[in-house]
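Q: only the shape, not the letters, is given here:
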């Protein structure tokens, strides 16, 4: 159990807290919002976050149903590495559809991890709604961070390297 499960509230507060208090989830979700901004495509601002939330909902439902991967947490940590590398390598010319596919795969594992950790006292449906709402909010935070990273390739590179390094540290502890 992580700190995300200390809030109670019948599941909604637990669900809202999980992506925020789970540093692996927090980083990945914010980066997806930032990547959506950096694609410089207004449709991507909606597509990448919506793809993430949709795929995470599927993964969350599968996790609630007990269909999980014993390696979900490792895949979540490795997704942080992968998203950091994408952020580091992003040159402004990247295929949005390919990135959406990657985002969907990443989100599926985040959803499996979330859904597999529903507190026993929580309503699974309310918990899932909570983590989906928190995720949407964190994507908006990432979009808001986008202009800062768009100003400088160096800053974006440092951020990408930092995210990838954080993912490696997280993966080493799994």
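A: Right, received. Where do you want to start? The structure presented is a predicted model; accordingly, all values stated were derived computationally and were not measured. Numbering: from 1, shown residues only.

Q: going by C-alpha atoms from here, please, whenever you check contacts or count neighbours.
A: Fine.

Q: what mean pLDDT does stretch 126-134 get?
A: Mean per-residue pLDDT for stretch 126-134: 94.

Q: make that stretch 30-50, sorry
A: 85.

Q: centre of the chain versus that stretch, how much separation?
A: From the chain centre to the centre of stretch 30-50 is a distance of 13 Å (Cα atoms, centre = their mean, to the nearest Å).

Q: repeat for stretch 48-67
A: Averaging C-alpha positions (Cα atoms, centre = their mean) puts stretch 48-67 11 Å from its chain's average.

Q: and that stretch, what's buried?
A: Residues of stretch 48-67 classed as buried under the neighbour-count rule (16 or more other Cα atoms under 10 Å) are 48-64.

Q: what does stretch 116-125 give?
A: Residues of stretch 116-125 classed as buried by neighbour count (16+ other Cα under 10 Å): 116, 117, 118, 119, 122, 123, 124, 125.

Q: and those, which is closest to residue 109?
A: Residue 109 has its nearest neighbour among the buried residues of stretch 116-125 in residue 116, at 10.4 Å by Cα to Cα.

Q: what sits closest to the closest one if chain neighbours are left out?
A: Once its chain neighbours are removed from consideration, residue 116 has its nearest residue in residue 63; the separation is 4.3 Å (Cα to Cα, 6 or more residues apart in numbering).

Q: secondary structure class for that neighbour?
A: helix (DSSP: H, G, I helix; E, B strand; the rest coil).

Q: how near is it to residue 21?
A: 19 Å (Cα to Cα, to the nearest Å).

Q: could you do residue 144 as well?
A: Taken as Cα to Cα, the spacing of residue 144 relative to residue 21 amounts to 20 Å.

Q: with residue 70 instead?
A: In this structure, residue 70 and residue 21 are 21 Å apart, going by Cα to Cα.

Q: who has more neighbours, these two?
A: When residue 70 and residue 21 are compared on other Cα atoms under 10 Å, the one with more neighbours turns out to be residue 21, at 15 against 10.

Q: need the pLDDT of that one.
A: pLDDT for residue 21: 93.

Q: by contact count, what packs against the longest helix belonging to the chain?
A: In the chain, taking DSSP state H as the definition, the longest helix is helix 124-150. Helices and strands touching helix 124-150, as assessed by 3 or more Cα pairs under 8 Å, 6 or more residues apart in numbering; DSSP states H and E, comprise helix 12-21, helix 23-38, helix 42-64, helix 96-115, helix 153-172.
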